[in-house]
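K.L.:
I'd like to go over a predicted model; first the sequence, then the structure.
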Amino acid sequence: MGVLKDEIDAYNAVKAANLPAEVLGVMVQGTEDVRKLDIENCALKAGDCMPDFQLANQRGDLRRLSDYLQQSSLVLNIYRGGWCPYCNMEMKALHAFLPEIEARGARLVGMSPETPDKAMTTAERNDIAIDILSDPGNRVAEQLGLVFELPESLREIYAKLGIDIPAFNGDESFKLPVPATYIIGQDGVIFYDFVNSDYTQRMEPAEIVARLSSAE
């Protein structure tokens, strides 16, 4: 068990008590449909070289991966968007471990397809003081092999819950990344990856710290 998992389990219990069974069933089926895409096996993995890229952060400042890596190793956390409660829980939990991550010589950076102003809202709402990169059109996430299109059955449910993904992403698509955490060495090589098609499953911050410690 872990701190983040405990929080997610508590949220799942509330969700199960408040959403109709048929809605929960569609959500479960949606996750299964994504799993069938085999993204976990097709996405970049430990031992692969992370492609260099340049994206704007939540303040609109351009940031390049290779510039980060000149200074330190990198924990790149890729999430769906600030509309996702699991992503918010994850980002808050990661930020709580920021001193321990930095003490092990790494930098924490977030990335999602949401627009810079939406990323700024996510950062401010969760009191997160790190770069959150905006990946328009999931262009970088596509290179990493993480992208899928939200099933039609879930779009209707999300709309009823007040979640407008195109508005968050600034386009008309319903493409999203499977949440992922990559730990990248200064040589650009991924030395640990966590990719799970079930968006409710996230890497524990303590595990990230342990992986960084083992690489020291």
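P.N.:
Nice, I can see it. These figures come from a predicted structure and were not determined experimentally. Numbering: from 1, shown residues only.

K.L.:
Let me see the contact set for the most centrally placed residue in the chain.
P.N.:
In the chain, the C-alpha nearest the mean C-alpha coordinate belongs to Y79, at 1.8 Å (C-alpha atoms, centre = their mean). Taking C-beta atoms under 8 Å, 6 or more residues apart in numbering, we find Y79 in contact with 87, 90-91, 110-112, 177, 179. Every residue, glycine included, has its C-beta placed from N, CA and C.

K.L.:
Span of stretch 145-154 from start to end?
P.N.:
22 Å (C-alpha to C-alpha, to the nearest Å).

K.L.:
Name the residues of it that are buried.
P.N.:
For stretch 145-154, a neighbour-count test (16 or more other C-beta atoms under 10 Å) marks 145-148, 150-151, 154 as buried.

K.L.:
Find the residue closest to P151 in space, skipping its chain neighbours.
P.N.:
Distances taken as C-beta to C-beta, 6 or more residues apart in numbering place G30 nearest to P151, at 5.0 Å, with adjacent residues excluded.

K.L.:
now for the helix or strand harbouring that neighbour, which elements pack on it?
P.N.:
Under the criterion of DSSP states H and E, G30 resides in helix 21-35. Applying 3 or more C-beta pairs under 8 Å, 6 or more residues apart in numbering; DSSP states H and E, one finds that helix 21-35 contacts helix 152-160.

K.L.:
what's the helix it packs on in contact with?
P.N.:
Residues from elsewhere that reach helix 152-160 (C-beta under 8 Å, 6+ apart): 23, 26-27, 29-30, 150, 165, 174.

K.L.:
who wins for most neighbours among those?
P.N.:
Counting neighbours by other C-beta atoms under 10 Å, I165 leads these with 23 neighbours.

K.L.:
What distance do you get for that one to R80?
P.N.:
Computed with C-beta to C-beta, to the nearest Å, the distance linking I165 and R80 is 9 Å.
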